[in-house]
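Enquirer: I need the structure of the sequence given here:
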Amino acid sequence: MNLDKILDFSDKTIILTGASGLLGSQFSDALCQTNANLVLGDIKLDNCKKLEKELRGKYDNSILSVKLDIRSINSIQNMIKKSQKHFGRIDGLVNNAVFQEGVKERSIKFEDFPLSLLKKGIETNTIGTFLCCQQVGKLMKSSRKGVIVNINSIYGLVPPDQRIYGTSGLNSSVLYNITKSSLLNFTRYLASYWGTSGIRVNSLTLGGVYNNQKPNFVKKYSSKTMLGRMAKKNDHVGALLFLLSDSSSYMTGSNVVVDGGWTAW
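Expert: Next comes the predicted model:
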């Protein structure tokens, strides 16, 4: 293994879903620094185009922005077709797109939680990830090579601590916990199913990221972590690059947890 080239992705094409969000933009920047060919997939194409322009101003990578609705097979297949035409290959898939309820929805008590909202979350977070893995995985299987990373949350491992939300009425809703926990065993299933086909599938579980939350919440959340703070928005990029690179060539079906020690005690 040539360690000088371990994080050189200049011969790889990586698809990133949910590319224009808070974490997606950080992942995009990091992937550009590895010289990867990058496909920015997001339902908000204008935001992708804006991010692409910013990245092109900093790096020389080949970047393709595509409008992507992961709930639609046709949309996913269109992205794949454009990616193949532009780059000729697909080496990696990062399933980062997520439906997360708004402030109003996070104040709904479980007893009153609407089935329509739960279905909306499942349609994106669970079925959407399923469809992306299914459609991109077909190509990877035919080429006998590929890496898939499913972005998860600590709330797929443990429930939210109700105490840190206080009397605000807010919480991480049941739909987020249900859909994120389903990703863990889906990752293991795919790793087992594609075990000897050349495709590796792992999940990356993230702790809470600081994004201008209220000071009292930040204080309570931080006290739950061993490091005593929330994650910075770029704290997870190293683990993602590790999972996409040959550094993790003997890893599949694994879940890498980067949460500041939240789930370790």
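Enquirer: and Val256, which of the three is it?
Expert: Of the three states, Val256 takes strand according to DSSP: H, G, I helix; E, B strand; the rest coil.
Enquirer: I'd assumed Asn202 was in contact with it.
Expert: Yes. Here Val256 reaches Asn202: they are 6.6 Å apart, a contact under Cβ atoms under 8 Å. To be clear about C-beta, it is placed using only N, CA and C from the backbone, and glycine gets the same treatment.
Enquirer: Could you list the low-pLDDT ranges of this protein?
Expert: 1, 166-170 (pLDDT under 70).
Enquirer: ranges for the strands of it?
Expert: 13-17, 37-42, 63-67, 92-95, 146-153, 199-206, 255-258 (DSSP state E).
Enquirer: For this structure, which segments count as helices?
Expert: In the chain, helices defined by DSSP state H lie at 22-33, 45-56, 73-87, 115-121, 129-143, 174-193, 215-223, 237-244, listed in chain order.
Enquirer: So which of these is nearest Lys12?
Expert: Smallest distance to Lys12 across the helices of the chain (Cβ to Cβ): 8.0 Å, for helix 237-244.
Enquirer: From the chain's centroid, how far away is the closest one?
Expert: 11 Å (Cα atoms, centre = their mean, to the nearest Å).
Enquirer: Tell me which residues of it come out buried.
Expert: Buried positions in helix 237-244, judged by neighbour count with 16 or more other Cβ atoms under 10 Å: 237, 239-244.
Enquirer: Can you name the residues in contact with it?
Expert: With contacts defined as Cβ atoms under 8 Å, 6 or more residues apart in numbering, helix 237-244 is touched by 7, 9, 12, 14, 26-27, 29-31, 34, 92, 94, 147, 149, 202, 204, 248, 251, 256, 258.
Enquirer: just stretch 247-259 next, same as before
Expert: Under Cβ under 8 Å, 6+ apart, the answer for stretch 247-259 is 6-7, 152, 154, 157, 184, 187-188, 191-192, 195, 200-208, 225, 231, 235-236, 239, 242-243, 263.
Enquirer: Go again with 6 Å.
Expert: Contact partners of stretch 247-259, identified using Cβ atoms under 6 Å, 6 or more residues apart in numbering, comprise 6, 154, 188, 191, 200-207, 236, 239, 242.
Enquirer: Please pick the buried ones from the residues you listed.
Expert: Buried members of the contacts of stretch 247-259, scored by 16+ other Cβ under 10 Å, are 154, 188, 191, 200-207, 236, 239, 242.
Enquirer: Contact partners for Val201?
Expert: 148, 187, 190-191, 252.
Enquirer: Kindly report the same for Leu31.
Expert: Counting by Cβ under 6 Å, 6+ apart, Leu31 has contacts 14, 38.
Enquirer: how far away is it from Leu240?
Expert: 8 Å (Cβ to Cβ, to the nearest Å).
Enquirer: and what of Phe110?
Expert: 32 Å.
Enquirer: same deal with Leu131?
Expert: 21 Å.
Enquirer: how about the residue nearest the centre of the chain, phi and psi?
Expert: In the chain, the residue lying closest to the centroid (Cα atoms, centre = their mean) is Asn96, at 2.4 Å. When read as degrees, to the nearest 10, the backbone of Asn96 gives phi -110, psi -20.
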